[in-house]
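> next one to model:
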Amino acid sequence: MPYIQQGFREIIDAELQNLGASWTPSNAGELNFLVSTFIANYIKTKGLSYSTVNEMIGALECAKLELNRVVIGPYEDRKIAENGPVYDGILPSGDY
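Numbering: from 1, shown residues only. Model (predicted):
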């Protein structure tokens, strides 16, 4: 996952800032464009091949799964506690 050494993260963050990458997308279309641009740059650097495509798909899938695990899961658990479960009575008791 994206858990690279802290020193390397700082280098990447600084380089992104130097390139003016402090801009934050304001909607899903802009976010998609930003991600797609990074992917296109990766292809231009590594070359279009099965290996490159596989690396990109793997990175995107893992980023998605980590977002779900770290951010969305706890958020949904909080909402279940606030509003009650949707699947009440389906799962064994104590699973919510």
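
> how many neighbours does residue 79 have?
12 (other Cβ atoms under 10 Å). In short, each C-beta sits where N, CA and C put it, glycine included.

> same question for residue 59.
When neighbours are defined as other Cβ under 10 Å, residue 59 has 15 of them.

> which SSE is it in?
The secondary structure element spanning residue 59 is helix 50-67 (assigned by DSSP states H and E).

> can I get the CA coordinates of that helix in PDB?
Taking C-alpha atoms only, helix 50-67 is exported to PDB below (Å, rounded to 0.1, in the frame of the first residue of the first chain):
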ATOM      1  CA  TYR A  50       0.900  -5.700 -20.000                       C
ATOM      2  CA  SER A  51       3.300  -5.300 -17.100                       C
ATOM      3  CA  THR A  52       2.700  -1.600 -16.900                       C
ATOM      4  CA  VAL A  53      -1.000  -1.900 -17.200                       C
ATOM      5  CA  ASN A  54      -1.000  -4.600 -14.500                       C
ATOM      6  CA  GLU A  55       1.000  -2.400 -12.200                       C
ATOM      7  CA  MET A  56      -1.400   0.500 -12.700                       C
ATOM      8  CA  ILE A  57      -4.500  -1.600 -12.100                       C
ATOM      9  CA  GLY A  58      -2.900  -3.100  -9.000                       C
ATOM     10  CA  ALA A  59      -2.000   0.300  -7.600                       C
ATOM     11  CA  LEU A  60      -5.500   1.700  -8.300                       C
ATOM     12  CA  GLU A  61      -7.200  -1.400  -6.800                       C
ATOM     13  CA  CYS A  62      -5.000  -1.400  -3.700                       C
ATOM     14  CA  ALA A  63      -5.600   2.300  -3.200                       C
ATOM     15  CA  LYS A  64      -9.300   1.700  -3.500                       C
ATOM     16  CA  LEU A  65      -9.200  -1.100  -1.000                       C
ATOM     17  CA  GLU A  66      -7.100   0.900   1.500                       C
ATOM     18  CA  LEU A  67      -9.500   3.800   1.200                       C
END
